[in-house]
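Asks: everything below, folded, please.
(one chain, ligands or ions: 1)
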Amino acid sequence: MKRCVDQVLKWYLENRRDLPWRVDTDPYHIWISEVMLQQTRIESVIDYYLRFLKEVPTIFVLATIDDEKLLKLWEGLGYYSRARNLKKTASIIVSKYAGIFPTTYAELITLPGIGDYTASAISSICFQEKKATVDGNVLRVYTRFFGDYSNISDLKVRRRIAGELEAILPKESGIFNQALMEIGEVVCIPKGVPNCLLCPLNEYCISSKKCIYLELPVKNLKKDKKIVEYTVLIFKCDDQYAIQKRKNKGLLHQLWQFPNLEGTYTSKQIEDYLIKKHIVYRSVKKFTESTHVFTHQKWKMISYYIEIDHFLTDSSFVFKSLDIIRNDYAIPTAFQPFLRDLSFV
Ligand code: SF4
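Replies: Numbering: from 1, shown residues only. Model (predicted):
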């Protein structure tokens, strides 16, 4: 691969896609984009990134941002601990480093939410430190190039690959890292036949010569996700809808949701439940169904639209209009289909 370094750099400078975080190498910009890009597709991140920088243009603003506003800006991106860690890290950088981003991998890796990959990305892209960024794209390109059948789910294998890449990084380490990731995104694609004829690694690539690219990389099969069923209750009173804040801990903590019960209830069971809770209702109608997939579980959700004449006395609920819910409350993606369909009621 060392023999291909110059071709890879040249290819990247001529072929890279125009993306908003590639306009400069300001570490604040690179950090925000790298955190957003974890587990999220590039096309989905672009609008979030632009809106986030408009509202939160500097690390000083991020350090003091209101939590609700931060979660609202993150709404739909998922993995909300990423947003919380951004704020924690921003306050540390402001208080400990006077707002100036640390420049080395060793300092960056100590900050909340900055793991090996992000520390390597910031230190190499912004400060040319020789650290390899090893994500799924790079692992695919690397194992195909070398015809390497090692299991990339094994941490030891990923560490070995990172070490081998670091040994060949040129002084433009950040550009080389970005180039390998870009090759993995657009040429050596994860599904289907790679575009070897367009690849700057083609001359020496073992997979291309032996046509074994579809066998690589080797990784563990994904386990089946746990299925959890929920019944969502859409309480409507005076053109306002009940929402509540999720608990302080656990999945989607402190975000807002429509009230719900674990399990799948029939309309008769929901009516019994309302009577037991002394909730006087006018009607109970079957409403939207939805499935939401998380990393380790899948939620199968049904819902009921329940008209009531009086606000619920339980203080954990607030009643708000649809516009206010949409504009001011961070509603996770799992509950968005219900919010969307309320516009058509
Ligand atoms: S030559 Fe083909 S298989 Fe090899 S790295 Fe490039 S796109 Fe992937």
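Asks: mind listing what Y265 touches?
Replies: Contacts for Y265 were tallied using C-beta atoms under 8 Å, 6 or more residues apart in numbering; they are T231, Y273, I302, Y304. Placement of C-beta: from N, CA and C, glycine included.
Asks: isn't the second one right next to L261, touching?
Replies: It stands for Y273. Yes - between Y273 and L261 there is a contact at 7.3 Å, judged by C-beta atoms under 8 Å.
Asks: can you list the strands that the one helix or strand K298 maps to pairs with?
Replies: If you go by DSSP states H and E, K298 is part of strand 297-308. When pairing is defined by DSSP bridges, strand 297-308 lines up against strand 226-237 (parallel), strand 281-286 (antiparallel), strand 290-293 (antiparallel).
Asks: export these to JSON lines and tack on mean pLDDT, mean neighbour count and distance to Y79?
Replies: Compiled in JSON lines, the strands paired with strand 297-308 are given as follows (pLDDT from 0 to 100; neighbours: other C-beta atoms under 10 Å; distance: least, C-beta to C-beta, whole Å):
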{"stretch": "strand 226-237", "mean pLDDT": "96", "mean neighbour count": "18", "distance to Y79": "18"}
{"stretch": "strand 281-286", "mean pLDDT": "96", "mean neighbour count": "13", "distance to Y79": "32"}
{"stretch": "strand 290-293", "mean pLDDT": "95", "mean neighbour count": "15", "distance to Y79": "13"}
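Asks: closest to L9 out of these?
Replies: strand 290-293 (38.0 Å; C-beta to C-beta).
Asks: the ligand versus V187, what's the distance?
Replies: Distance of V187 to the ligand, given as C-beta to the nearest ligand atom, to the nearest Å: 5 Å.
Asks: how many neighbours does that residue have?
Replies: 19 (other C-beta atoms under 10 Å).
Asks: residues contacting it?
Replies: P194, N195, C196, L198, C199.
Asks: how about the residues of the stretch 151-300 of the chain near the ligand?
Replies: For the stretch 151-300 of the chain, the contact set with the ligand under C-beta under 6 Å from any ligand atom comprises V187, C188, P194, C196, C199, L201, N202, C205, S207, S208, Y213.
Asks: returning to what we had before: who wins on neighbours among the contacts of V187?
Replies: When the contacts of V187 are compared by neighbour count (other C-beta under 10 Å), P194 ends up highest, at 24 neighbours.
Asks: tell me the pLDDT at the nearest residue to it once chain neighbours are set aside?
Replies: Leaving aside its chain neighbours, P194 sits nearest to C188 (4.5 Å; criterion: C-beta to C-beta, 6 or more residues apart in numbering). At C188, the pLDDT value in this model is 98.
Asks: tell me the secondary structure at C188.
Replies: coil (DSSP: H, G, I helix; E, B strand; the rest coil).
Asks: doesn't L197 make contact with it?
Replies: No - the pair C188 / L197 is not scored as a contact, 12.0 Å apart, by C-beta under 8 Å.
Asks: so between these two, which is more surrounded?
Replies: C188 (27 against 8).
Asks: show me the contacts for the more buried one.
Replies: Contacts of C188 (C-beta under 8 Å, 6+ apart): N137, R140, V141, R144, P194, N195, C199, L201, Y213.
Asks: same question for L13.
Replies: Counting by C-beta under 8 Å, 6+ apart, L13 touches I175.
Asks: how much space is there between L13 and L180?
Replies: Distance, L13 to L180, by C-beta to C-beta, to the nearest Å: 14 Å.
Asks: check V94 too.
Replies: As judged by C-beta to C-beta, V94 and L180 stand 33 Å apart.
Asks: show me which of the two is the more surrounded one.
Replies: Legend: neighbour count by other C-beta under 10 Å for V94 and L180, higher for L180 (26 against 17).
Asks: skipping adjacent residues, who's closest to that one in space?
Replies: Spatial nearest neighbour of L180, chain neighbours left out: V138 (4.9 Å); criterion: C-beta to C-beta, 6+ apart.
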